[in-house]
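In: Kindly return the folded structure for what I paste below:
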Amino acid sequence: MLLVIDIGNTNIVLGVYEGDKLSASWRLATIKGRTEDEYGILIGSLIAQVGLSGADINGVILACVVPPLISIFEKLARKMFDVKAVVVGPGARTGMPILYDNPREVGADRIVNAIGAFAEHKGPLIIVDFGTATTFDVVSARGEYLGGAIAPGIGISMDALFSRTAKLPRIDFTHPKSVIGKTTVDSMQAGIYFGYVGLVDAVVSRIKKELSGECFVLATGGLAPMIADESNVIDAVDEDLTLKGLRILYELNAK
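Out: Okay, the predicted model is just below:
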């Protein structure tokens, strides 16, 4: 079985594949100070919940945007599963031309999302990922990664609003009933929610204009379903997109 790991700035998402079937998935908080042993205990307990042990895992692939954690998870893969982890990054085969001025600058998660989306939907397409940052990635009809846009994530914006103002409270992200709030909290929730819906629709519309044509728009990330409820441009939501892309990349690189 294959263990796929997506290490983001806020969360670590893990999944176990049996062939091309995702058998289980989990989400952990990303904590840079945790040791290899601490992460090992967590992962061991998670896979045990679905009746698996270290001996059942014969492959590991990880995408990581937190550099200090790469070596920790490489060591963990050797210690727990006796395998060498495939790390998405320079030198890894992607099967997708990266038409960035400097391909090494592109986050591993963005490439993984592009590969997973193109494998399922072909192109041209736009992937919107609601993570620590909100990213927009564009793939051509020929399967080329063209680039994209990066905006502050929803959580970052909410934290900034709370921490940089004296009287505004910390709020939850929710789908407001109205854009006209009747309380301070309602007004903040309306501004964040409908503001991000507007941001997504505007950026995607401009990308489509530059591409001179229609394309499929796929959203991913924990908050994707909520934004998709109001967006005029999102065609589908796939919360397991990154895990799917990692499985495809493992098959390209395992040998």
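
In: Run a quick neighbour tally on Leu52.
Out: Counted with other Cβ atoms under 10 Å, the neighbours of Leu52 add up to 18. All C-beta spots, glycine's among them, are computed from the backbone N, C-alpha and C.

In: Tell me the secondary structure at it.
Out: Following DSSP: H, G, I helix; E, B strand; the rest coil, Leu52 is assigned to coil.

In: where does Lys182 fall, helix, sheet strand or coil?
Out: Three-state assignment for Lys182 (three-state DSSP): coil.

In: Count the residues that sit near it.
Out: 10.

In: Could you do Ala77 as well?
Out: Ala77: 26 neighbours (other Cβ under 10 Å).

In: Same question for Gly91.
Out: Per other Cβ under 10 Å, the neighbour tally for Gly91 reads 7.

In: Secondary structure element holding it?
Out: If you go by DSSP states H and E, Gly91 is not part of any helix or strand.

In: what separates it from Pro103, distance-wise?
Out: 11 Å (Cβ to Cβ, to the nearest Å).

In: all helices of the stretch 151-255 of the chain, in order?
Out: Using DSSP state H, counting those that start in this stretch, the helices of the stretch 151-255 of the chain run over residues 154-163, 184-211, 224-228, 241-253.

In: Out of the ones you listed, which gets nearest to Ala77?
Out: Proximity to Ala77 (Cβ to Cβ) singles out helix 241-253 among those, at 12.2 Å.

In: buried sites along that closest one?
Out: 241-251, 253 (16 or more other Cβ atoms under 10 Å).

In: burial count for Val237?
Out: Using other Cβ under 10 Å, Val237 has 19 neighbouring residues.

In: just the CA coordinates of the helix or strand hosting Ile61, formatted as CSV?
Out: Following DSSP H and E, one finds Ile61 within strand 59-64. Extracted as CSV, the C-alpha positions of strand 59-64 are listed here (Å, rounded to 0.1, in the frame of the first residue of the first chain):
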residue,chain,number,x,y,z
GLY,A,59,5.8,3.1,-0.7
VAL,A,60,5.8,6.7,0.5
ILE,A,61,5.6,10.0,-1.4
LEU,A,62,5.6,13.4,0.1
ALA,A,63,5.1,17.0,-1.1
CYS,A,64,6.4,19.6,1.3
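
In: What angle do helix 241-253 and it make with each other?
Out: Comparing the axes of strand 59-64 and helix 241-253 via axes from the mean of the first three to the mean of the last three Cα atoms, to 10 degrees yields an angle of 120 degrees.

In: Tell me the strands beside strand 59-64, with direction?
Out: Note on strand 59-64: by DSSP bridges, its sheet partners are strand 2-7 (parallel), strand 86-87 (parallel).

In: Reformat these into a markdown table and put mean pLDDT, mean neighbour count and distance to Val139 next to each item.
Out: As requested, the strands paired with strand 59-64 are exported to a markdown table (pLDDT from 0 to 100; neighbours: other Cβ atoms under 10 Å; distance: least, Cβ to Cβ, whole Å):
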| stretch | mean pLDDT | mean neighbour count | distance to Val139 |
| --- | --- | --- | --- |
| strand 2-7 | 96 | 26 | 19 |
| strand 86-87 | 94 | 22 | 22 |
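
In: Surely Ile12 is within a strand?
Out: Yes: the assignment for Ile12 is a strand, going by three-state DSSP.

In: What is the burial count for it?
Out: Ile12: 23 surrounding residues under other Cβ under 10 Å.

In: who's in contact with Val179?
Out: Going by Cβ atoms under 8 Å, 6 or more residues apart in numbering, Val179 touches 190, 194.

In: now it: how far from Gly33?
Out: Applying Cβ to Cβ to Val179 and Gly33 gives a distance of 41 Å.
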